[in-house]
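Participant: Give the three-dimensional model of this entry:
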Amino acid sequence: MYPVLKHVIDFIFKSLLLSACGLLASVVFAQGDARNGAKAFRNCAACHSLEAGRNLTGPSLANLFGRKAGTVENFLRYSDALKHSNVEWNEKTLDAWLRSPAKFIPGNDMAFPGIQDAQTRRDLIAFLKAADSMPAEQRAGPKPADLKKAQTDSIVKSIRHCGDTFFVTTGDGKVEKIWEFNLRFKTDTSNFGPAPGKPVLLGVGMRGDRAAVVFAHSGEISALLKEQCD
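Facilitator: Sure thing, here's the model as predicted:
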């Protein structure tokens, strides 16, 4: 239905972990197996990267050991509970956190119930420690698609709203009619975000009935959106 430009971050497992398998094969920390921990990390990779300075839903986990909780400088979404916890990350504190974030630091915003299996926690901790020893290019993982390179049929020229419908006109002159509940407006200020003044329409969701318009900054949203019924 929509011109789809792939803009998803593949699990680091698909590239980072495979490229690092030689290193992980010989690394065991605190009776944890980093190879098995690499598999467990698949559940973390959607929200956390291992690349320094690259935050996702959650902060980067690069250089984690010995760091105070809530102190990644360019991550602005920490809960007050985490920032004021005075916890330093090490094998012991990570094990408690992974077992139950809600119990270890009450009031934090981590939407994760915890890992009950102790061996899985040890394996994951071993992997995170091994990851700090990996070359930076291996920890970086796959990069998201560069929206500055979006094709004409994905670049949004105008958006009007009428009733319960958004009418999105793209650079090729086509108009997509999208139920208002199925269209999201997003911003991407990273190096991979769209060029200023050239928001990009992305198809999202598995059914093909949802979409997102990604802007270079928030001020572009109100400037482009018009309330108009023809």
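Participant: Under the pLDDT cut-off, which ranges of the chain? List them.
Facilitator: 1-30, 137-142, 205-208 (pLDDT under 70).
Participant: Just give me the residue closest to the centre of it.
Facilitator: Centroid-nearest residue in the chain: residue 56, 3.4 Å away (criterion: Cα atoms, centre = their mean).
Participant: where does that one land in three-state SS?
Facilitator: coil (DSSP: H, G, I helix; E, B strand; the rest coil).
Participant: isn't it right next to residue 47, touching?
Facilitator: Yes - using Cβ atoms under 8 Å, residue 56 is in contact with residue 47, at 5.5 Å. Just so you know, the C-beta spots here come from the backbone N, C-alpha and C atoms, and that holds for glycine as well.
Participant: Please state the backbone phi and psi of the residue nearest to the centre of the chain?
Facilitator: phi -120, psi -130 (degrees, to the nearest 10).
Participant: now it: how far from residue 80?
Facilitator: Separation of residue 56 from residue 80 (Cβ to Cβ, to the nearest Å): 21 Å.
Participant: do the same with residue 146
Facilitator: For residue 146 relative to residue 80 (Cβ to Cβ), the value is 35 Å.
Participant: who's more crowded, those two?
Facilitator: Using other Cβ atoms under 10 Å as the criterion, residue 146 and residue 80 rank with residue 146 on top: 14 against 11.
Participant: Just give the number of residues close to the residue nearest to that one when sequence neighbours are not counted.
Facilitator: Leaving aside its chain neighbours, residue 146 sits nearest to residue 192 (5.1 Å; criterion: Cβ to Cβ, 6 or more residues apart in numbering). Neighbourhood size, residue 192 [other Cβ under 10 Å]: 16.
Participant: domain ranges for this structure?
Facilitator: 12-140, 147-227 (automatic domain parsing).
Participant: chain center to the longest one, what's the gap?
Facilitator: When you say that, I think you mean domain 12-140. Taking Cα atoms, centre = their mean, to the nearest Å, one finds domain 12-140 lying 14 Å from the centre of the chain it belongs to.
Participant: which helix in the protein runs the most residues?
Facilitator: For the chain, the longest helix by residue count, based on DSSP state H, is helix 118-131.
Participant: how about it: buried residues?
Facilitator: 120-131 (16 or more other Cβ atoms under 10 Å).
Participant: and residue 179, what is it in contact with?
Facilitator: Taking Cβ atoms under 8 Å, 6 or more residues apart in numbering, we find residue 179 in contact with 164-166, 209.
Participant: Setting aside sequence neighbours, what's the nearest residue to residue 174?
Facilitator: Using Cβ to Cβ, 6+ apart, the closest residue to residue 174 is residue 153 (6.9 Å).
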